[in-house]
Structure formats: structure tokens, C-alpha cells
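Visitor: What follows is a predicted protein model with its sequence.
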Amino acid sequence: MTKVFDPDTDKKPLRPTHPARAWILLKQGKAVMCRRCPLTIILKYAVDNPAETHLRMKIDPGTVFKPEIWSVW
């Protein structure tokens, strides 16, 4: 599962977003692209109450193309 990192204007990390939603935010002018690979966007507005999400990165040695798996707990 691919996710896009999207910090707000103050560089506070937010919950990772689906790539389709990231492209919609870019087309609407609500975000700017920070990096292309991995796709990272920066929102043009500050988020007052960001939802706190604990992420954990797991390594799956058996995969060929995407060795990382993100899980939310």
C-alpha cells in the first residue's frame, strides 16, 4: 500500500495520504510538491487539530517490489 507523506505549513507531520488524494490537493492548489520520489507534498494551510496516528514500519523480506509495509495501530 503506497502512501504520500504530507506535512502542513508548519512542517508538522500528518497522517499519510493516498496518492490520488495528494494529486487532487495539488491540482486544487491546496498543496505544493516537496519531493517527487517518494512523493511528498506540503499543505499550504496549517491544520489546527491534527489527528495523531501511530505508524509502524515493518520489513517484509519475501516481497520483490515493495519491501515495506505500513501499519496503523
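Guide: Good, I have the coordinates. Residues are numbered from 1 along each chain as shown.
Visitor: only C-alpha atoms for contact and neighbour calcs from this point on.
Guide: Noted.
Visitor: Grab the most central residue of this structure for me.
Guide: residue 5 (2.0 Å; Cα atoms, centre = their mean).
Visitor: can you pull the contacts of that one?
Guide: By Cα atoms under 8 Å, 6 or more residues apart in numbering, the contact set of residue 5 is 13, 14, 15, 16, 17, 39, 40, 41.
Visitor: which of those tops the neighbour count?
Guide: The most neighbours of any of the contacts of residue 5, using other Cα atoms under 10 Å, belong to residue 41, which has 23 neighbours.
Visitor: Please settle this for me: is that one part of a strand?
Guide: Yes: looking at residue 41 with DSSP: H, G, I helix; E, B strand; the rest coil, it is inside a strand.
Visitor: For this structure, give me the ranges with low pLDDT.
Guide: Along the chain, the model assigns pLDDT under 70 to residues 1, 53, 55, 57-73.
Visitor: out of the contacts of residue 5, who's nearest residue 30?
Guide: residue 41 (9.9 Å; Cα to Cα).
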